[in-house]
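Colleague: coordinates only, sequence not included:
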């Protein structure tokens, strides 16, 4: 069995994230060095160091950065965040992360909306400074702005296709006071405008600037067209900043959700294949699955990453011996109160039970399941039975891989999965 992994990093909000520390540091007369020596360190550094460690351990992997590198659209702080990530994660080292293996999208807090003049276009003008900063450090096109970005991550004849698109194209749009209202209060508006000195100030006096997140329709169409052309054995992973489903936290504000999220959600759910959508923005980490009963082969898995000071996600796409996708395992690494960044129990979402995605189970896997029992047993016992029934002598690792694949099909349940093959326990869950 093969696995391709992708690291998902949520909102960073630099430099404010640098101020968030582990522990209760009230005596500010003590030095930062003393605080760090006794375990009161910076949350951001702890998490990013763990990201780099996991990235090195995984080897070939993808990297998704969900946007909101900064908070108030200050380009200087945005630049500092890029430099911080590069120095701590070696992003400019092609041997560490290949350029095609990582994607970055803008967040609504990254754009300097107040710098936009009334006659300028929010999209794409607001994103030019961000794009320029990435292009100074990395290959052109790292930041997804004006068009859909696509690349492929392959390993051992298995592949996932990475896509990213800008969900912030409405950030900075102007909303004007309706003409009829202006007519009814013409005298008052006239006095207000006389008090403003510049044309820009006069415009702002009768208009407001919005944070109106949205996808460009052309990008949505390009994404769906590209996914339709993929081989069935490839799994598309889509990155954007904003959530496709309304967040759990009630919000009273103007345009708190994506204006056209339903359009993309509906189109993706109708493509009759598993698709993973990754986002940040909501500072929470739900995992939700959308299915369309009229397109039963499709499954849209929506994965949110928390603020980076809380942790990050690792998405592990599992492929069978025939290179078909078996399912998605989501490992949440979270920062604990004691400063440790550790993995939680993985969430597993199988792709094997959907019509159109039900792949043939090999005779060896069927035999390994058949000799299993309804009570947990060591892998050594099951291997011995397999040898007796099949007259084959497979390695422990081979039998383990068969049973791992059988678990994705819902045929067995594995215990101590991360232990050595000899310590694995197997329980059959089908008659």
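Modeller: Perfect, thanks for sending it. Since the model is a prediction, treat every value here as computed from it, not as a measurement. Residues are numbered from 1 along each chain as shown.
Colleague: contacting residues around the closest residue to residue 423 other than its chain neighbours?
Modeller: With Cβ to Cβ, 6 or more residues apart in numbering as the criterion, residue 423 has its nearest non-adjacent residue at 5.3 Å, and that residue is residue 416. In this view, the C-beta of every residue, glycine as well, is placed from N, C-alpha and C. For residue 416, the contacting residues are 423-425, by Cβ atoms under 8 Å, 6 or more residues apart in numbering.
Colleague: can you do 10 Å?
Modeller: Contacts for residue 416 (Cβ atoms under 10 Å, 6 or more residues apart in numbering) come out as 376, 378-379, 423-426.
Colleague: With residue 3 instead?
Modeller: By Cβ under 10 Å, 6+ apart, the neighbours of residue 3 are 58, 60-61, 155-156, 158, 316-319, 326, 329, 404.
Colleague: what's the answer for residue 405, then?
Modeller: Contacts of residue 405 (Cβ under 10 Å, 6+ apart): 1, 318-322, 324, 326-327, 352, 359, 361-362, 364-365, 368-369, 411-412.
Colleague: Take these and keep only those in helices.
Modeller: 364-365, 368-369 (DSSP state H).
Colleague: Correct me if wrong: residue 423 contacts residue 378.
Modeller: Yes - between residue 423 and residue 378 there is a contact under Cβ atoms under 10 Å: 7.6 Å.
Colleague: per-residue pLDDT, the residue lying closest to residue 305 once chain neighbours are set aside?
Modeller: Nearest residue to residue 305 in three dimensions, chain neighbours excluded: residue 10, at 3.2 Å (Cβ to Cβ, 6+ apart). The pLDDT attached to residue 10 in the predicted structure is 97.
Colleague: Please report how far residue 10 lies from residue 298.
Modeller: Residue 10 is 26 Å from residue 298, where distance means Cβ to Cβ, to the nearest Å.
Colleague: Also residue 243?
Modeller: 19 Å.
Colleague: got it, and residue 367?
Modeller: From residue 367 to residue 298 the distance is 32 Å (Cβ to Cβ).
Colleague: Give me the secondary structure label for the residue nearest the centre of the chain.
Modeller: The chain has residue 278 as the residue nearest its centroid, 3.3 Å off, counting by Cα atoms, centre = their mean. Judged by DSSP: H, G, I helix; E, B strand; the rest coil, the three-state class of residue 278 is strand.
Colleague: show me what contacts residue 376?
Modeller: 412-416, 424-428.
Colleague: Over to residue 310?
Modeller: 10-11, 20, 43, 47, 283-285, 332-335, 341.
Colleague: Check residue 222 too.
Modeller: Applying Cβ under 10 Å, 6+ apart, the residues near residue 222 are 147-148, 150, 163, 165, 216.
Colleague: Can you show me the strands along the stretch 51-200 of the chain?
Modeller: 61-65, 102-104, 149-155, 158-164, 171-176 (DSSP state E, counting those that start in this stretch).
Colleague: Among these, which comes closest to residue 384?
Modeller: Evaluated with Cβ to Cβ, the strands of the stretch 51-200 of the chain place strand 158-164 nearest to residue 384, the distance being 30.9 Å.
Colleague: angle of the closest one against strand 61-65?
Modeller: If you take axes from the mean of the first three to the mean of the last three Cα atoms, to 10 degrees, strand 158-164 sits at 20 degrees to strand 61-65.
Colleague: partner strands of strand 158-164, parallel or antiparallel?
Modeller: Sheet pairing of strand 158-164 (DSSP bridges) gives strand 149-155 (antiparallel), strand 235-239 (parallel).
Colleague: quick one on the thing from earlier: mind putting the strands of the stretch 51-200 of the chain into TSV with mean neighbour count and distance to residue 137?
Modeller: TSV is the format used below for these (neighbours: other Cβ atoms under 10 Å; distance: least, Cβ to Cβ, whole Å):
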stretch	mean neighbour count	distance to residue 137
strand 61-65	26	13
strand 102-104	25	11
strand 149-155	18	17
strand 158-164	22	18
strand 171-176	19	23
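Colleague: out of those strands, which comes closest to residue 305?
Modeller: strand 61-65 (8.2 Å).
Colleague: Could you tell me which strands the closest one is paired with, and in which direction each runs?
Modeller: Within its sheet, and counting by DSSP bridges, strand 61-65 is paired with strand 2-9 (parallel), strand 102-104 (parallel).
Colleague: Just the buried ones among the contacts of residue 310, please.
Modeller: Among those, those buried by neighbour count (16 or more other Cβ atoms under 10 Å) are 10-11, 43, 47, 283-285, 332-335, 341.
Colleague: Filter those down to just the ones in helices.
Modeller: 43, 47.
Colleague: Okay, buried residues for stretch 361-374 please.
Modeller: 361, 364-365, 367-369, 371-372.
Colleague: what distance separates the start and the end of it?
Modeller: For stretch 361-374, the first-to-last residue distance is 20 Å (Cα to Cα, to the nearest Å).
Colleague: any idea of the mean pLDDT for that stretch?
Modeller: Mean predicted confidence for stretch 361-374 is 92.
Colleague: Mind listing residues that contact it?
Modeller: Contacts of stretch 361-374 (Cβ under 10 Å, 6+ apart): 320-322, 352, 377, 379, 381-390, 392, 394, 398-407, 409, 411-413, 426-431.
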